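1. Provided below for reference: sequence and predicted model.
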Amino acid sequence: MKRALAILIGLIVSCSVLSQLRLHPYVGLHISGDAEMYYVGPSLQAGADLHFTKRLLLTSYIHFFKKKVNRTEDGGSFENGKFKTVTIAALIQFNTSKKLSRSFFLAGGFCVQKWSDIFVSDYSARTRQRKNYLPTIRVGYFFPKGKNKVTIELNATGPYSYSDYGWQTVEILTQLSLGTRFIF
């Protein structure tokens, strides 16, 4: 995972040289949530698009989401949690229009997602960590912003199946995020 992260950061940092290859770096701000939507909050995304044609491109990104929950109720009940995901994804994206300044897009691919949840309450305590290889999708719309573009988009990863306390559990979506990207 560290190697993939280093490669992606290297691509983004060297974008001035690689811009001749139609590489367009981007940054994004999203609202994300875990599978249960217990942890919901802001998240960051950075990545790059490599255009093959006006309608078809390869997009990759790193998505970081971290959230803490500290709840105390009258009567002494409490819930304290720390949740963190780092997602590294590569997707093939199809744009519905040849004019990229105003176009819907749909992307699909795969990701590696490192996930950790530390949860302590008056009724339970657990620490869970996992590293998943998951399908991922992105759906959104481009808006023009000078020579650059802004998107509004929905990103989703999953499904994932695991055993928890003797029960077989399926998370249809392991992470869902809604947000915007600024494409350079």
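-> Structure received. Residues are numbered from 1 along each chain as shown.
2. ok, Y38 - contacts?
-> V69, G81, F83 (CB atoms under 8 Å, 6 or more residues apart in numbering). (Each C-beta comes from the backbone N, C-alpha and C, glycine too.)
3. could you export the residues you listed as a markdown table, including secondary structure and pLDDT?
-> Shown next, in a markdown table, are the contacts of Y38 (DSSP: H, G, I helix; E, B strand; the rest coil; pLDDT from 0 to 100):
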| residue | secondary structure | pLDDT |
| --- | --- | --- |
| V69 | strand | 93 |
| G81 | strand | 94 |
| F83 | strand | 95 |
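4. can I get these in JSON lines with neighbour count and distance to S101?
-> Shown next, in JSON lines, are the contacts of Y38 (neighbours: other CB atoms under 10 Å; distance: CB to CB, whole Å):
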{"residue": "V69", "neighbour count": "14", "distance to S101": "40"}
{"residue": "G81", "neighbour count": "18", "distance to S101": "42"}
{"residue": "F83", "neighbour count": "21", "distance to S101": "37"}
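5. quickly note the distance from the residue positioned nearest the centre of the chain to K2.
-> Nearest to the mean C-alpha position of the chain, by CA atoms, centre = their mean, lies H63 at 4.2 Å. Per CB to CB, to the nearest Å, H63 is found 16 Å from K2.
6. again with F119
-> F119 is 26 Å from K2, where distance means CB to CB.
7. so between the two, which is more surrounded?
-> Neighbours per residue, other CB atoms under 10 Å: of F119 and K2, the larger number sits with F119, 17 against 6.
8. now the host helix or strand of the more buried one: buried residues?
-> Secondary structure from DSSP states H and E places F119 in strand 103-121. Buried residues in strand 103-121, defined by neighbour count with 16 or more other CB atoms under 10 Å: S103, F105, A107, G109, C111, V112, Q113, W115, D117, F119.
9. now swap in stretch 160-174 and tell me
-> In stretch 160-174, counting by 16+ other CB under 10 Å, buried: Y160, E171, L173, T174.
10. N95: neighbouring residues, count only.
-> N95 has 19 nearby residues by other CB under 10 Å.
11. in this protein, which helix or strand is least confident?
-> The weakest-scoring helix or strand in the chain, judged by mean pLDDT, DSSP states H and E, is helix 15-18 (a mean of 48).
12. biggest strand in the protein, by residue count?
-> Identified as the longest strand of the chain according to DSSP state E is strand 125-145.
13. before I go, just wanted to say thanks for your time.
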